[in-house]
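Engineer: the following block contains a protein sequence and its predicted model.
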Amino acid sequence: MIAFVARYGLGIVLALAVLGKARNFGAFRSSLATFGLQGRVAQMGAFTVVTVEALVALAAFSLVADDLVVGVTGTCLGLSFTAAQTYLLVMGEQAAPCLCFGSAERASARTFGRAALVLLLGLTLWGAAV
């Protein structure tokens, strides 16, 4: 039951993240300048983030994908997102909004919590699969 909740929770959170970014892809791409990514590099970075999120969300809802694979990839995304949110929190007012779920909300305990949720769900699924 824990694996079921973690797997589908991860899928829902990532699907919402993909929809938010896709709704305002240009703004999401521009927000990557905070991390030093501009121009074509930002375009490729934004495309890669959205694609990986979408693939992991699809895998979470797939009957074919293994819990371990979904857990490991979810954990990797969660680590990346949590690191990005930590960076934004440290930067403070200088940082642009991450547009993680399509909102212009600046980094906060709330955005950090969402990133940590992806990490927690990935770790939970990974642990349940081992």
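Structural biologist: The structure has been received and is ready for your questions.
Engineer: next up, phi/psi of the residue lying closest to M91 once chain neighbours are set aside, please.
Structural biologist: Sequence neighbours aside, T34 is the residue nearest to M91 in space, at 7.1 Å (criterion: C-beta to C-beta, 6 or more residues apart in numbering). Heads up, the C-betas are built off the backbone N, CA and C, glycines and all. When read as degrees, to the nearest 10, the backbone of T34 gives phi -60, psi -30.
Engineer: I'd assumed L88 was in contact with T34.
Structural biologist: Yes. T34 is within contact range of L88, at 6.9 Å (criterion: C-beta atoms under 8 Å).
Engineer: and these two? Which one has more around it.
Structural biologist: L88 (24 against 17; other C-beta atoms under 10 Å).
Engineer: packing partners for the strand or helix carrying G78?
Structural biologist: Using DSSP states H and E, G78 sits within helix 67-91. If you count contacts as 3 or more C-beta pairs under 8 Å, 6 or more residues apart in numbering; DSSP states H and E, helix 67-91 packs onto helix 2-23, helix 39-61, helix 109-129.
Engineer: any chance of TSV for the ones you listed, columns mean pLDDT?
Structural biologist: TSV is the format used below for the helices and strands packed on helix 67-91 (pLDDT from 0 to 100):
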stretch	mean pLDDT
helix 2-23	95
helix 39-61	96
helix 109-129	94
